[in-house]
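**Student:** Give me a 3D structure for the following:
(chains A and B)
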There are 2 protein chains.
Amino acid sequence: MELSKAHGRLVVIGGGEDREDDCGILKEFLRLAKGAKARIVVMTVATDAPSELGGAYLAAFKRLGVDEVNVVDVSSREDTKAEKRLQLIQDATGIFFTGGDQLHITTLLGGTRMHGLLHEKFEKGTVLGGTSAGAAMMSNSMFIRGESDETPRFGGMEIGPGMDFLTGAVIDTHFSQRGRIGRLLTAVAHYPQDIGIGVDENTAMIVQGTEFEVIGEGVVTVVDAGGITYTNLPNIGEGDALALYNVKLHVLSAGHHFDLGNRCPVIAESSVKERKRKESGASKKRPKDRAKG
Amino acid sequence: MELSKAHGRLVVIGGGEDREDDCGILKEFLRLAKGAKARIVVMTVATDAPSELGGAYLAAFKRLGVDEVNVVDVSSREDTKAEKRLQLIQDATGIFFTGGDQLHITTLLGGTRMHGLLHEKFEKGTVLGGTSAGAAMMSNSMFIRGESDETPRFGGMEIGPGMDFLTGAVIDTHFSQRGRIGRLLTAVAHYPQDIGIGVDENTAMIVQGTEFEVIGEGVVTVVDAGGITYTNLPNIGEGDALALYNVKLHVLSAGHHFDLGNRCPVIAESSVKERKRKESGASKKRPKDRAKG
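**Tutor:** Predicted structure coming up:
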């Protein structure tokens, strides 16, 4: 599967990002979108409350120093043809998709001129951000539905095509918070060619080309079934529990990098820093009473 | 770490086992304890409601055809010395630990003559069963507390010594249902020599020697950090998110076997059966409309 050669970056947020205090992830999105000179479009296509949610992001981005923020809502395929909307997207330096239902995004934008324009902008270097449903839709494979806090089972989730800004992956969100490893394992058991990526709340992966870096307070969990040696999936029926041997799993916190092409973590500068900090005995955050022996 | 050479079996249940309908797991426990001729002791040491919970298991085992079932409660270390209690354990062909708080088990039984007797019985061939807290205490490493549905973080869980009927492991329960992969990953990051075992509700692992088989409706998830190539754990502080590269993960449903000594799944008879069933095209459970293409 060919991975993306686009020049833009993706800011893929697992939902629940801070919009009130430090706003670390939104700030990083803005930085990649040219900072204070950014022209931001907030896409509310996924949500049933576009004015409320659009207004919240508009306020947050303005508070972070951006003058030009516009909300573009799409509630019908007809809406995707409106020249004004297309022009705002054309002029944007950063485009942000709110949460809601990812199927609204595919069903309303899929195959439209607006969809084409978004890909064009992304390929030329515009940063695309998205949270929750706005993140889930970014991969080629997309969760349509799925159980949380559940045993991996045949029928426990449904995958369809996403908007394909990130190829070779299936993205899940609210990952640790909603106990979604079961459904992600079920997804990659069905499609081992896709790398399963679970993004925690208030956490994001910043994708550039075939590599991503993690930012935020949680982790990105990578589940790679490419090397599994056995699965019972071809032989079980609806509701049956899965068996999978030798899945590879990586847990990546802020500063860690992953190479999607080679399916492996990259020893990042931050890891080196951590090691140096340790060697110099300068780990400030470690509680003094951590080890008593 | 030396694995157990005991002759008894362990029936390690992830909580929430069926006690009303088919009772598949409890039946298997009784079968291993000599069936209708079994002499069962229900240990209620973990729970604060010993008569209620003990009564429920007593009723369930009687309904399943066992005449001799006794509840042994221990609410103080003095209780462990009572000859009558020790005699019941001595005579038992199967000993079952209810749920509750696993720390009650270690703190009340640890190092007592009763503890020694339980090990002696187990080593000579008596089956030990346990559910929830009664399962968590069985390994050498034991969860004392830990967050559910949480990012793997430093400080997100606490591990202490368990009752050590299963060496080289840390057992977690209610695993998929409570989203506990985060805390199990944190546990094995601290102690990669232990294999992390997450048992789902109404699911059990049947341990004999260094191998176990899965029964029940969910899965047993095995998390093996023995081969991790990097962790940030030595360099982070309280509340910081974990990084772990190259964890091995196995998902095992009913009929699948795992070799704890060699840390790998065993291609079991049931897998072979599944394959044969497939080859003969006789998979009855597969819905007909499963694949349309």
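**Student:** what about the residue in chain A positioned nearest to chain B, how many neighbours?
**Tutor:** The minimum distance from chain A to chain B, using CB to the nearest CB, falls at A:Gly179 (2.3 Å). Heads up, the C-betas are built off the backbone N, CA and C, glycines and all. Around A:Gly179 there are 24 other residues, counting by other CB atoms under 10 Å in any protein chain shown.
**Student:** Contact partners for the closest residue to A:Lys248 other than its chain neighbours?
**Tutor:** In this structure, A:Lys248 finds its nearest non-sequential neighbour in A:Asp224, 4.2 Å apart by CB to CB, 6 or more residues apart in numbering or on different chains. Taking CB atoms under 8 Å, 6 or more residues apart in numbering or on different chains, we find A:Asp224 in contact with A:Val188, A:Ile195, A:Gly196, A:Val247, A:Lys248, A:Leu249, A:His250, A:Arg263.
**Student:** follow-up on the earlier one: tell me if the residue of chain A closest to chain B really is in a strand.
**Tutor:** No - applying DSSP: H, G, I helix; E, B strand; the rest coil, one finds A:Gly179 to be coil, outside a strand.
**Student:** Look up the pLDDT of A:Ser139 for me, please.
**Tutor:** Looking at A:Ser139, its pLDDT stands at 97.
**Student:** Please give the number of neighbouring residues around it.
**Tutor:** Neighbour number of A:Ser139 under other CB under 10 Å is 28.
**Student:** Could you measure from it over to B:Ala33?
**Tutor:** 50 Å (CB to CB, to the nearest Å).
**Student:** With A:Thr210 instead?
**Tutor:** According to CB to CB, A:Thr210 and B:Ala33 sit 56 Å apart.
**Student:** returning to what we had before: the residue of chain A closest to chain B against B:His174, yeah?
**Tutor:** No - the pair A:Gly179 / B:His174 is not scored as a contact, 10.6 Å apart, by CB atoms under 8 Å.
**Student:** residues shared between the contacts of these two?
**Tutor:** What both A:Gly179 and B:His174 touch, as defined by CB under 8 Å, 6+ apart, is the set B:Ser148, B:Arg180.
**Student:** my read is A:Ile105 is in a helix, agree?
**Tutor:** Yes - according to three-state DSSP, A:Ile105 belongs to a helix.
**Student:** now the contacts of A:Asp224: which count as buried?
**Tutor:** A:Val188, A:Ile195, A:Gly196, A:Val247, A:Lys248, A:Leu249, A:His250 (16 or more other CB atoms under 10 Å in any protein chain shown).
**Student:** between these, which is closest to B:Met205?
**Tutor:** A:Val247 (18.4 Å; CB to CB).
**Student:** How about the secondary structure of the closest one?
**Tutor:** Classification of A:Val247 by three-state DSSP places it in strand.
**Student:** beta partners for it?
**Tutor:** Beta-bridge partners for A:Val247, by DSSP bridges, are B:Leu249.
**Student:** ok, it to A:Ala241 distance?
**Tutor:** In this view, A:Val247 and A:Ala241 are 15 Å apart by CB to CB.
**Student:** farthest pair in the buried ones among the contacts of A:Asp224?
**Tutor:** A:Val188 and A:His250 (12.9 Å).
**Student:** Kindly export the longest helix along chain A (C-alpha atoms) in PDB.
**Tutor:** As assigned by DSSP state H, the longest helix anywhere in chain A is helix A:50-63. The C-alpha trace of helix A:50-63 is given here as PDB (Å, rounded to 0.1, in the frame of the first residue of the first chain):
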ATOM      1  CA  PRO A  50     -22.500  23.300  13.900                       C
ATOM      2  CA  SER A  51     -23.100  26.800  15.100                       C
ATOM      3  CA  GLU A  52     -22.400  25.900  18.800                       C
ATOM      4  CA  LEU A  53     -19.300  23.800  18.100                       C
ATOM      5  CA  GLY A  54     -18.100  26.000  15.300                       C
ATOM      6  CA  GLY A  55     -18.500  29.000  17.600                       C
ATOM      7  CA  ALA A  56     -16.400  27.300  20.300                       C
ATOM      8  CA  TYR A  57     -13.500  26.700  17.900                       C
ATOM      9  CA  LEU A  58     -13.800  30.100  16.400                       C
ATOM     10  CA  ALA A  59     -13.500  31.600  19.900                       C
ATOM     11  CA  ALA A  60     -10.600  29.400  20.800                       C
ATOM     12  CA  PHE A  61      -8.600  30.200  17.700                       C
ATOM     13  CA  LYS A  62      -9.300  33.900  18.000                       C
ATOM     14  CA  ARG A  63      -8.200  33.800  21.600                       C
END
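**Student:** buried sites along it?
**Tutor:** Quick answer for helix A:50-63 (16+ other CB under 10 Å): A:Pro50, A:Leu53, A:Gly54, A:Tyr57, A:Leu58, A:Ala60, A:Phe61.
**Student:** would you list the residues you listed in TSV and tack on pLDDT and distance to A:Ile105?
**Tutor:** Below are these laid out as TSV (pLDDT from 0 to 100; distance: CB to CB, whole Å):
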residue	pLDDT	distance to A:Ile105
A:Pro50	97	13
A:Leu53	98	14
A:Gly54	98	15
A:Tyr57	98	16
A:Leu58	98	19
A:Ala60	97	21
A:Phe61	97	20
